[in-house]
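Colleague: Next comes the sequence, and after it the predicted model I'd like to discuss.
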There are 2 protein chains.
Amino acid sequence: MSSTSSRMLEVAAQQFAEKGYSGTSMRSIATATGTTQAAIYHHFPNKEALYLSVLSLQLKEKTGAALEGLDQIKDPEQCLRELIFRLVRLAEEDEQFRQLYFRELLEGNEERLATLAENVFGGLLDSVGGLLNKLAPRFDLNLLLLSVAGLVCHHVEARKISPFMPGSEPDHQELDTLSEHITKLLLYGVRGA
Amino acid sequence: MSSTSSRMLEVAAQQFAEKGYSGTSMRSIATATGTTQAAIYHHFPNKEALYLSVLSLQLKEKTGAALEGLDQIKDPEQCLRELIFRLVRLAEEDEQFRQLYFRELLEGNEERLATLAENVFGGLLDSVGGLLNKLAPRFDLNLLLLSVAGLVCHHVEARKISPFMPGSEPDHQELDTLSEHITKLLLYGVRGA
DNA sequence: GTCTATAGGACGATAGAC
DNA sequence: GTCTATCGTCCTATAGAC
């Protein structure tokens, strides 16, 4: 894998995440990579193949590494808190992953959704499935995973609009505030701690 | 408002929601409306204005009407359950609203996000803010609203991928299953009822 | 209010020199 | 492996007849 195609993949990931597939042109990817549009076709057969390469690179096993060693925390509540804090960090740091996930949810065909489900949620199941099962034996594991993913990704993405909500407060932007809120909600429900 | 421009707005909403702004062309809107591309410019000055018209029509006060009379349910737990069931129905029935919301979250500029926050979450605050405040006094109201919106919209949208998740079950597609899951999670947290 | 026609530009993709 | 040049297609938007 040449260094050029890696840079193309990085730039493409950034633009696809920000502007979507249709909103991103081969020309703009080339310009931002510092080359010409035709050069991309030496490394990738066409636009769709480039996008699929971006996807398989971005959606693959992001979660596993970041969540290792979680089972060494003995207290289950502390363990969930640590899990949520790490997932919120992950969702914030990897803006491309988060946005590509949302975009695939909206526009992905069956095949792409299948690989997404396998890579993202299969990986999550491996790393935190056991923990969640022990912590929440009364809940369906898949639905609970989707709840956690939805809470984390939506809260992080919704930081863009929370300043415009009536009664907004500045600490709604802070990741620790969001993590603490999600943890408390998951642990005790609306009644609070 | 002529009937033609109404049909244009309907068709445009459907296509913008499904394919996004860049993925939707004036030609395809015109064809699906049963007219020609140039005719749209008699009713809307340009593509962006058409999109903004779609937005202000789709994002405005969807929630208020559907959630009226909720405060007449005396038992707070039953009230939350009814709220979630109605929101899940709303999110499922109004696919365009749900998808346009996600797309605006990804691509909206500050001005558009501001009007979205005002219309969607302002409306939600009016209709269910009091209820949530009584039910969950320990929680920040804005964060809780974002949690509920994230849970509901993500669960409904994620029905597309749940069949591909390992250990998937057919009833994960059913709205009542999703509503019950979200309600239980919100009421009692991961420990369950 | 809708049509045909077209301007003017951006797009994806290819050809061929270097 | 990257370039220039170009093809054919699609796009937004406008002009003008009816």
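Modeller: Great, that's in hand.
Colleague: tell me which strands and helices the lowest-mean-pLDDT helix or strand in chain A is in contact with?
Modeller: Least confident helix or strand, chain A: helix A:63-66 with a mean of 82, by mean pLDDT, DSSP states H and E. Identification of packing neighbours for helix A:63-66 by 3 or more CB pairs under 8 Å, 6 or more residues apart in numbering or on different chains; DSSP states H and E yields helix A:76-93, helix A:122-135. Where you see a C-beta, it was placed from the backbone N, CA and C, and this is true even at glycine.
Colleague: I figured A:Leu141 hits A:Gly129, correct?
Modeller: Yes: between A:Leu141 and A:Gly129 there is a contact at 6.1 Å, judged by CB atoms under 8 Å.
Colleague: shaky segments in chain A?
Modeller: For chain A, the stretches flagged by pLDDT under 70 are A:1-2.
Colleague: Go again with 50.
Modeller: Judged against pLDDT under 50, chain A has no low-scoring part.
Colleague: Which helix or which strand is home to the residue located most distally from the centre of it?
Modeller: In chain A, A:Ala38 marks the outermost C-alpha relative to the chain mean, sitting 31.1 Å out by CA atoms, centre = their mean. Assigned by DSSP states H and E, A:Ala38 belongs to helix A:37-43.
Colleague: need the next SSE after that helix, C-terminal direction.
Modeller: Assignment by DSSP H and E places the next element after helix A:37-43 at helix A:47-58.
Colleague: got the buried residues for that following helix?
Modeller: If you call a residue buried by 16 or more other CB atoms under 10 Å in any protein chain shown, then helix A:47-58 has these buried ones: A:Lys47, A:Leu50, A:Tyr51, A:Ser53, A:Val54, A:Leu55, A:Gln58.
Colleague: quick revisit: got a list of contacts for the helix holding A:Ala38?
Modeller: Applying CB atoms under 8 Å, 6 or more residues apart in numbering or on different chains, the external contacts of helix A:37-43 come out as A:Ser2, A:Thr4, A:Ser5, A:Met8, A:Met26, A:Arg27, A:Ile29, A:Ala30, A:Thr33, A:Leu50.
Colleague: wait, does that helix contact DNA strand C?
Modeller: Yes: using CB under 7 Å from any atom of the strand, helix A:37-43 comes into contact with DNA strand C via A:Gln37, A:Ala38, A:Tyr41.
Colleague: Relative to DNA strand C, how far out is the nearest residue to A:Gly130 once chain neighbours are set aside?
Modeller: Spatial nearest neighbour of A:Gly130, chain neighbours left out: A:Asp71 (6.9 Å); criterion: CB to CB, 6 or more residues apart in numbering or on different chains. Separation of A:Asp71 from DNA strand C (CB to the nearest atom of the strand, to the nearest Å): 45 Å.
Colleague: Around A:Asp71, how many other residues sit close by?
Modeller: 13 (other CB atoms under 10 Å in any protein chain shown).
Colleague: mind listing what it touches?
Modeller: Residues in contact with A:Asp71 (CB under 8 Å, 6+ apart) are A:Cys79, A:Gly130, A:Leu131.
Colleague: Where does the spatially most central residue of chain A fall, secondary structure wise?
Modeller: Compute the mean C-alpha point of chain A, and by CA atoms, centre = their mean the closest residue is A:Arg98, 3.3 Å away. Taking DSSP H and E as the definition, A:Arg98 sits inside helix A:95-107.
Colleague: Let me know the angle separating that helix from helix B:95-107.
Modeller: Put simply, helix A:95-107 runs at 160 degrees to helix B:95-107, going by axes from the mean of the first three to the mean of the last three CA atoms, to 10 degrees.
Colleague: Check which element follows helix A:95-107 along the chain.
Modeller: helix A:110-116.
Colleague: Pull out the buried residues from that next one.
Modeller: A:Arg112, A:Leu113, A:Thr115, A:Leu116.
Colleague: nearest residue to A:His172 other than its sequence neighbours?
Modeller: A:Ser162 (4.6 Å).
Colleague: Going by neighbour count, list what's buried in the least confident helix or strand of chain A.
Modeller: Quick answer for helix A:63-66 (16+ other CB under 10 Å): A:Thr63.
Colleague: Please export the C-alpha coordinates of that helix as PDB.
Modeller: C-alpha atoms of helix A:63-66 as PDB (Å, rounded to 0.1, in the frame of the first residue of the first chain):
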ATOM      1  CA  THR A  63     -14.100  -0.400  19.500                       C
ATOM      2  CA  GLY A  64     -12.200  -3.500  20.500                       C
ATOM      3  CA  ALA A  65      -8.900  -1.800  21.200                       C
ATOM      4  CA  ALA A  66     -10.300   1.200  23.000                       C
END
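Colleague: Residues in contact with that helix: which ones?
Modeller: A:Arg86, A:Leu87, A:Arg89, A:Leu90, A:Val120, A:Gly123, A:Leu124, A:Asp126, A:Ser127, A:Val128.
Colleague: what does stretch A:15-27 give?
Modeller: Contacts for stretch A:15-27 (CB under 8 Å, 6+ apart): A:12, A:28-29, A:32, A:37, A:40, A:47, A:50-51, A:54, A:95-96, A:99-100, A:103, A:107, B:19-23, B:106-107.
Colleague: Domain parsing of chain A, as residue ranges.
Modeller: Following automatic domain parsing, one finds the domains of chain A at A:3-57, A:63-191.
Colleague: Off-centre distance for the first one?
Modeller: Mean C-alpha position of domain A:3-57 versus that of the full chain (CA atoms, centre = their mean, to the nearest Å) differs by 20 Å.
Colleague: Report whether that domain contacts DNA strand D.
Modeller: Yes: using CB under 7 Å from any atom of the strand, we find that domain A:3-57 touches DNA strand D at A:Thr4, A:Ala30, A:Thr35, A:Thr36, A:Gln37, A:Ala38, A:Ala39, A:His42, A:His43.
Colleague: Ranking by neighbours, what's the top pick from the residues you listed?
Modeller: Among these, A:Ala30 has the most neighbours (other CB under 10 Å), with 19 neighbours.
Colleague: Now that one: closest residue in space, sequence neighbours ignored.
Modeller: A:Gln37 (4.3 Å).
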